[in-house]
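A.B. asks: this is the structure alone, sequence omitted:
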């Protein structure tokens, strides 16, 4: 099921398939496929994934294991005037077993395993840049994502996932009046559909949202590697229904307008250090009058990247922002994160990321404060030009003022990526 995927995106994929099928392609080992100026890179990821909390439950977590298959395709075509890039991935998960802490019957466990199976997750993006060698150029991007997150809010549901489909279309005019000054004047349209467990086999969307508005980005390079930047965007959010209902629960989602503006500096301070320091303010007006608070309107984006050695990089960052929520008015975020990546010789690489996010949800019905911890790691070994075995995983934990949404989930994935 494509969950309301825009028809234009399907047509784009069909046209791309015919284009590739009709091209005269050639390749050497490790050189991908080539058809004229296009470089085509098919890939296949396979692996076994184990998770400690199949339904992200607040109690009596059930461990589970699944086979994961993820085919992918990347296409690039570049000339001095035009750049086209396409990247797509499709993920299938077939669950093999499920823990049974409540000692329910085998038929019930089999039903739960079958309900966990998921074969529709995907991520597709297409980029186009035109007139790249001119003072005024054009850019266009379309990105579509379908994501499934396990959810135990309805234990008897035949589809225990909170599913989101998002399609984002952005475009703009990029101008370069001088060697140090550039600007990007554009706009964004996003379509989002939200599904939640409902206890029935065929789910209707809880709600859908159209978001659109203009964007402006200005960059002035006052030093060779450091720039002063201005970023501003205005967004109109319109919901299909002002009050979504699930059983006997109601979730008001009033229409809104968001305005956000940031300014600051970014660039390389030294040979090893790169900094981003931006601050600003935003506001959100809601049709029901429950507008964004002044404190949550403060915006910050700070990040430092440091090359400890040529093979090891460290990143520290903090972000403060807000977004429109699908079950209440607004979600304000304060995020701290740290990343480390390393390269050992030509074949072995690793990375480690930790994030701590404070979430504040505010609206007419739902007021909630959450703390989310996320730890991710990956170890990759490039055996040759064709295959890269990997070990990855992490921990995701949520604590909340509403205990029913709390959970802890540890994930480990052992797999390999095959790339031509």
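C.D. replies: On my side now, so go ahead. Since this is a predicted model, take the numbers as computed values, not measurements.
A.B. asks: which intervals of the chain have sub-threshold pLDDT?
C.D. replies: Residue ranges of the chain with pLDDT under 70: 1-31, 155, 199-202.
A.B. asks: who are the contact partners of the residue located most distally from the centre of it?
C.D. replies: Relative to the C-alpha centroid of the chain, counting by Cα atoms, centre = their mean, residue 105 is the outermost residue, at 37.5 Å. By Cβ atoms under 8 Å, 6 or more residues apart in numbering, the contact list for residue 105 is empty. Quick note: C-beta positions are derived from backbone N, CA and C, even for glycine.
A.B. asks: how far away is it from residue 112?
C.D. replies: 11 Å (Cβ to Cβ, to the nearest Å).
A.B. asks: ditto for residue 372
C.D. replies: Where residue 112 is concerned, residue 372 sits at a distance of 26 Å (Cβ to Cβ).
A.B. asks: so which of those two has more stuff around it?
C.D. replies: residue 112 (21 against 16; other Cβ atoms under 10 Å).
A.B. asks: and the more buried one, what does it touch?
C.D. replies: Per Cβ under 8 Å, 6+ apart, neighbours of residue 112: 54, 62, 98, 160.
A.B. asks: my guess is it is in a strand, correct?
C.D. replies: No: assigned with DSSP: H, G, I helix; E, B strand; the rest coil, residue 112 falls outside any strand and is helix.
A.B. asks: so it versus residue 185, what's the distance?
C.D. replies: Counting by Cβ to Cβ, the gap from residue 112 to residue 185 is 51 Å.
A.B. asks: residue 109 belongs to a helix?
C.D. replies: Yes: the assignment for residue 109 (three-state DSSP) places it in a helix.
A.B. asks: quick check on the residue farthest from the centre of the chain: phi, psi?
C.D. replies: Dihedral angles of residue 105 (phi, psi; degrees, to the nearest 10) stand at phi -70, psi 160.
A.B. asks: may I see the buried residues of the helix or strand containing residue 279?
C.D. replies: Using DSSP states H and E, the element containing residue 279 is strand 273-286. Neighbour-count burial for strand 273-286 flags 274, 275, 276, 278, 280, 282, 283, 284, 286 (criterion: 16 or more other Cβ atoms under 10 Å).
A.B. asks: out of those, which is nearest to residue 164?
C.D. replies: Proximity of the buried residues of strand 273-286 to residue 164 (Cβ to Cβ) peaks at residue 284, which lies at 20.3 Å.
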